[in-house]
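[1] generate a structure from the sequence data that follows.
(2 chains)
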Amino acid sequence: MKLSTLAPAFAVTAVFALAFVLTGAAAPPVTPKSGYDYLTPETRQLQDDDFANPGMLWVEEGERLWSEPAGTSGQSCASCHGDAATSMRTVATRYPAWSQSEGKVINLEQQINQCRGRQGAEPLQYESEPLLSLTAFVSHQAKGLPMSVAVDGPAAQSFERGKAFFYQRRGQLNLSCANCHEDHAGDHLRADVISQGQVNGFPIYRALWQTMGSTNRMFAWCNEAVRAEPYAAGSQEYVDLELYLRWRGQGLAVETPAVRR
Amino acid sequence: MSAALALALALPSAGAAQDGPSLEEPLTAEPGNLQRGKAVAVNSDLGNCLICHAIPIPEVPDGAAGDIGPSLGGVGSRLTAGEMRQRIVDPKALDPQTVMPAYYVSDGLVRVQTQYAGKTILTAQQIEDLVAFLLTLK
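    Model prediction:
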């Protein structure tokens, strides 16, 4: 599908953050509905069947990498974390999350790359096969569990910036995420059904891409659809946006690896 | 052209189906060409109106168009040329909240991709061509 400067000054004041803590993040503005609910029965079937779901290839590769030694330490993920089915069971439900050592909210990919550092290995690039595979493998351990990110305390400012991003109109077509995914979920852009833009299935296997993609790739795609300059993968803007979206979908079950059109 | 200029050009609409401003003056000297206008409407690199609007013409298969906006069937009877032009040039003059893009406004936008920065989505002539085409949808 083809739908086709002013850096957003996200000034978040202490007052804003305080008001947020006092009132709580309340509830998402719309009852969360997974992208799955907007799919055709055929695509749902593809996702539901582990043998047919193409995303499972990345999960399997992630499982292999989990116990493969890497870097100067010669350690694997398993050396420190043991069996992912136990140690990683709930992790993806909580990310993006505040990192004390980084002093900012980080996404799962960045957490994995921190651990690559512990291994004495180079960080992995976004959309590279190993990073997609490890992210998919770790997220898959949480399949079926409800997303529940922390958006209070030190994460509050990140959350507010993500929310502002979601409602900011941008690009030559001058549309916000909300214009499509809040105002017009269930309607059609040409023949495409618009979903709520939930992130509970990521990384997703997207037929349009013929491969797996991260949340950051999706955000860039949606930015470019309105002819807006995308942000770099791993930019704080996209981390904040993902935190906000995970909160918008709180309670939705993790579906990784989801299959989308 | 800026939104402010579009508003400055706005004249009171003549017996309107549409409330609000209307642009009576054509944007170009050359009259609109309806064949070219049809191409602008359906081409996804140009108007791409089909992502949001059904257009009841044989060139558009059933189910190929979106439904964010109303069908443009009969729009030629509902709106005057001036109202049509205003709607395409800058629909925010009619409703600041609308999701319909402004096709002839290039400022006041946030983080436009470099290759589109400072440019309008359509040219003045393409808009005149579109108006000529839409007026035939009776």
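[2] going forward, measure contacts between C-alpha atoms and count neighbours the same way
    OK.
[3] tell me how many other residues crowd the closest residue to chain B within the stretch 151-261 of chain A.
    Proximity of the stretch 151-261 of chain A to chain B (Cα to the nearest Cα) peaks at residue A:190, 3.8 Å away. One way to gauge burial is a neighbour count; for residue A:190, by other Cα atoms under 10 Å in any protein chain shown, it gives 23.
[4] measure residue B:125 to residue A:184 for me?
    31 Å (Cα to Cα, to the nearest Å).
[5] can you pull the contacts of the residue of the stretch 151-261 of chain A closest to chain B?
    With contacts taken as Cα atoms under 8 Å, 6 or more residues apart in numbering or on different chains, residue A:190 has the following neighbours: B:50-52, B:63-67.
[6] how many other residues sit next to the closest residue in space to residue A:196 that isn't next to it in sequence?
    The spatial neighbour of residue A:196 that comes closest, neighbours along the chain excluded (Cα to Cα, 6 or more residues apart in numbering or on different chains), is residue A:181 at 4.5 Å. Neighbours of residue A:181 under the rule other Cα under 10 Å: 17.
[7] pLDDT value on the spatially closest residue to residue A:180 that is not a sequence neighbour, please?
    With Cα to Cα, 6+ apart as the measure, residue A:194 is the residue that lies nearest to residue A:180, at 7.0 Å, once sequence neighbours are left out. Taken from the predicted model, the pLDDT recorded for residue A:194 is 98.
[8] list the contacts for residue A:194?
    So residue A:194 contacts A:38, A:180-181, A:184-188 (Cα under 8 Å, 6+ apart).
[9] what's the answer for residue A:119, then?
    If a contact means Cα under 8 Å, 6+ apart, then residue A:119 has A:70-76 as its contacts.
[10] so which of the residues you listed sit within strands?
    When DSSP state E defines the strands, the subset of the contacts of residue A:119 inside them is empty.
[11] from the residues you listed, list the buried ones, please.
    Buried members of the contacts of residue A:119, scored by 16 or more other Cα atoms under 10 Å in any protein chain shown, are A:70, A:75-76.
[12] the residues you listed: which ones sit near chain B?
    With Cα under 8 Å from any Cα of the partner chain as the criterion, no member of the buried ones among the contacts of residue A:119 is in contact with chain B.
[13] quickly name whichever of these is closest to chain B.
    Each of the buried ones among the contacts of residue A:119 was scored against chain B by Cα to the nearest Cα, and residue A:70 proved nearest at 39.0 Å.
[14] any idea how far the closest residue to residue A:207 other than its chain neighbours is from residue A:131?
    When the adjacent residues along the chain are set aside, residue A:207 lies closest to residue A:261, with 4.9 Å between them (Cα to Cα, 6+ apart). Using Cα to Cα, one gets 22 Å for the distance from residue A:261 to residue A:131.
[15] which of these two has more neighbours?
    Between residue A:261 and residue A:131, residue A:131 has the larger neighbour count (other Cα under 10 Å), namely 23 against 14.
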